[in-house]
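Peer 1: Have a look at this prediction, sequence included:
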Amino acid sequence: MNQSHFFAHLSRLKLISRWPLMRNVRTENVSEHSLQVAMVAHALAVIKNRKFGGQVNAERIALLAIYHDASEVLTGDLPTPVKYFNTQIALEYKAIEKIAQRKLIEMVPDDLRDIFEPLIDEQRYSDEEKALVKQADALCAYLKCLEELSAGNNEFVLAKSRLEKTLADRRGDEMDYFMQTFVPSFHLSLDEISQDSPL
């Protein structure tokens, strides 16, 4: 049986810092970001199904979100202002991302590849799946901004403003529900969010 370096590579996502050009009160790595995106994407899918007549597979959405940045283990996390500086850079980075996704997929043993390829290759996502993962990704970046701003780090003021525009572009009923129900707590301290639920 041949060895595979697939999970050895994925384990290094924890070594890739997000927001590399920004001063952070607390650094965030791609691994922990992916977990948060998975939880939020799953919640968005559940909300869509339960409250707004959706019929998406919430568990698949969570899995897609877990792997949505997996290629960054090979490319690193390119800062958004660089990635979207102009159309040419954005297109070139997308091409690099696609190559990295393919390289990761090729690390998976042949008899398991059909399971992992649809999770890593974004072109295999349906439009609805892609939209929910992108909503969750933007929401989690926005939550990071709120946390940094709450800690007094004004470095994230413009990022928050930019992400508010992104969220408006990706808006949906499930996102509105999430924003109204869960996001206000991110402005509060631990004592404030613990008052109603003592251990």
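Peer 2: Cool, got the structure. Numbering: from 1, shown residues only.

Peer 1: leaving aside the residues next to it on the chain, what's closest to Val25?
Peer 2: Ala151 (4.2 Å; Cβ to Cβ, 6 or more residues apart in numbering). The way it works is simple: take the backbone N, C-alpha and C, and place the C-beta from them, glycine included.

Peer 1: all helices for this structure, in order.
Peer 2: 6-10, 30-52, 58-67, 72-75, 80-83, 87-107, 113-120, 127-150, 157-169, 173-181, 190-194 (DSSP state H).

Peer 1: How much space separates Ser34 from Leu167?
Peer 2: Using Cβ to Cβ, to the nearest Å, Ser34 is found at 19 Å from Leu167.

Peer 1: Tell me the spacing between the residue nearest to the spatial centre of the chain and Ile115.
Peer 2: Centroid-nearest residue in the chain, with Cα atoms, centre = their mean: Asp137, separated by 3.4 Å. Relative to Ile115, Asp137 is positioned 23 Å away (Cβ to Cβ).

Peer 1: quick one on the thing from earlier: of Ser34 and Leu167, which one has the most company?
Peer 2: Ser34 (22 against 18; other Cβ atoms under 10 Å).

Peer 1: Worst mean pLDDT among the helices of the chain?
Peer 2: When those are compared on mean pLDDT, helix 80-83 scores lowest, with a mean of 66.

Peer 1: one step back: please dump the helices of the chain into CSV; it should also carry distance to Arg23 for every row.
Peer 2: Formatted as CSV, the helices of the chain follow (distance: least, Cβ to Cβ, whole Å):
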stretch, distance to Arg23
helix 6-10, 28
helix 30-52, 18
helix 58-67, 27
helix 72-75, 21
helix 80-83, 15
helix 87-107, 24
helix 113-120, 32
helix 127-150, 9
helix 157-169, 12
helix 173-181, 27
helix 190-194, 23
